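[1] Attaching a predicted model along with its sequence, questions to come.
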Protein chains: 2
Amino acid sequence: MKAVVTVASDGRKSVAEPCLEPCPIERGMRVLGGKWKGSILWHLKDGPVRFNDLTRQLGGASKKMVNQRLKELEAAGLVERRVLSTRPIAVEYAITSFGRSALAVLDQLREWSETQGI
Amino acid sequence: MKAVVTVASDGRKSVAEPCLEPCPIERGMRVLGGKWKGSILWHLKDGPVRFNDLTRQLGGASKKMVNQRLKELEAAGLVERRVLSTRPIAVEYAITSFGRSALAVLDQLREWSETQGI
DNA sequence: CAGAATCCAACCGGATACTG
DNA sequence: CAGTATCCGGTTGGATTCTG
């Protein structure tokens, strides 16, 4: 079994062991599912967003929460973290091309939710 | 705020408060996302499946787990529970037309997972 | 601004044993 | 067969405070 070690933008390594679920639905859910992850990705589709802006746009998610999910998304390669050299520091998060490939799925989920009145 | 009270097949009431998230992605995820929920739905697409069969097919999910998720899916109207009058008792779970409407989303998730090698 | 650190209650989910 | 009951360690996530 080969673990996937990812080096995040802050230099720390995270060990994301590959999801061994036989069901592709389940594997996909582990990446896109869960609280906030899909929404975060969705909110980045029109361009990079700053950390605090993102937190506010999600309305109801704590900073801690958003930060955790962002790290997971970054480790999975769906999102990119960029530090802007300003004072005070600004950080923006951008969706990667891989992340963008997931938007089709999310868009259908959005459509489903809306047409079904969820 | 109006809570949605559902009466399950065992007669017990469950109070599923409506998801108030402004983001449709998030609302959809609360219904389809989370561990095993998508997979369960997916495994019912070709016809009703018995409880123990389902548990085995998911491989790795405990009975307790599957049962909980099934109750949630039933409360949300995606799945129907049918008791077959046999000895010993048999129970099968079938996907509803509403549940079937979600299969398109799940199928795209499956395709995404597979093409992206997830 | 963008987090990190800490505390803590609530929930989750596995294991096991039991039931009609 | 299809659950329920109980125990229990681990994780989650909110609130709050602190920092470069």
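    In hand now; what should we look at?
[2] In a strand, residue A:80, correct?
    Yes: Residue A:80 forms part of a strand when assessed by DSSP: H, G, I helix; E, B strand; the rest coil.
[3] Give me the residue at the spatial middle of chain A.
    Against the mean C-alpha coordinate of chain A, by CA atoms, centre = their mean, the closest residue is residue A:73 at 3.7 Å.
[4] so which strand or helix has that one?
    Here residue A:73 sits within helix A:63-75, counting by DSSP states H and E.
[5] Likewise for residue A:91?
    Secondary structure from DSSP H and E places residue A:91 in strand A:90-95.
[6] buried stuff in the next helix or strand after that strand?
    The helix or strand immediately downstream of strand A:90-95 is helix A:97-101, counting by DSSP H and E. Neighbour counts using 16 or more other CB atoms under 10 Å in any protein chain shown place residue A:99 of helix A:97-101 among the buried residues. Every residue, glycine included, has its C-beta placed from N, CA and C.
[7] same deal with stretch A:24-38?
    A:24-33, A:35-38.
[8] could you dump it to CSV, C-alpha only?
    Taking Å, rounded to 0.1, in the frame of the first residue of the first chain, the C-alpha atoms of stretch A:24-38 are listed here in CSV:
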residue,chain,number,x,y,z
PRO,A,24,-16.3,5.0,-7.2
ILE,A,25,-19.3,6.9,-5.8
GLU,A,26,-17.9,6.5,-2.3
ARG,A,27,-14.4,7.5,-3.4
GLY,A,28,-15.7,10.6,-5.1
MET,A,29,-17.7,11.5,-2.0
ARG,A,30,-14.6,11.3,0.2
VAL,A,31,-13.1,14.1,-2.0
LEU,A,32,-16.1,16.3,-2.8
GLY,A,33,-18.5,15.4,-0.1
GLY,A,34,-18.7,16.4,3.5
LYS,A,35,-19.6,19.6,5.1
TRP,A,36,-18.6,22.7,3.1
LYS,A,37,-16.1,21.1,0.6
GLY,A,38,-18.4,21.3,-2.4
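[9] And DNA strand D, is that stretch touching that?
    Yes: interface with DNA strand D: stretch A:24-38 contributes A:34, A:35 (CB under 7 Å from any atom of the strand).
[10] now the angle from the strand holding residue A:91 to helix A:63-75?
    With axes from the mean of the first three to the mean of the last three CA atoms, to 10 degrees as the basis, strand A:90-95 and helix A:63-75 are set at 50 degrees to each other.
[11] Now do strand A:90-95: everything it contacts.
    Contacts to strand A:90-95, defined as CB atoms under 8 Å, 6 or more residues apart in numbering or on different chains, come from residues A:41, A:44-45, A:47-51, A:54, A:70, A:74, A:78-84, A:103.
[12] strand partners of it, parallel vs antiparallel please.
    With DSSP bridges as the test, strand A:90-95 is paired with strand A:49-50 (antiparallel), strand A:79-84 (antiparallel).
[13] With mean neighbour count as added columns, please give these in JSON lines.
    As requested, the strands paired with strand A:90-95 are exported to JSON lines (neighbours: other CB atoms under 10 Å in any protein chain shown):
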{"stretch": "strand A:49-50", "mean neighbour count": "16"}
{"stretch": "strand A:79-84", "mean neighbour count": "15"}
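[14] I'd like the distance between residue A:87 and DNA strand C.
    Counting by CB to the nearest atom of the strand, to the nearest Å, the gap from residue A:87 to DNA strand C is 9 Å.
[15] Secondary structure element holding the residue in chain A positioned nearest to DNA strand C?
    With CB to the nearest atom of the strand, the shortest gap between chain A and DNA strand C falls at residue A:52, namely 3.1 Å. Residue A:52 belongs to helix A:51-58 when elements are defined using DSSP H and E.
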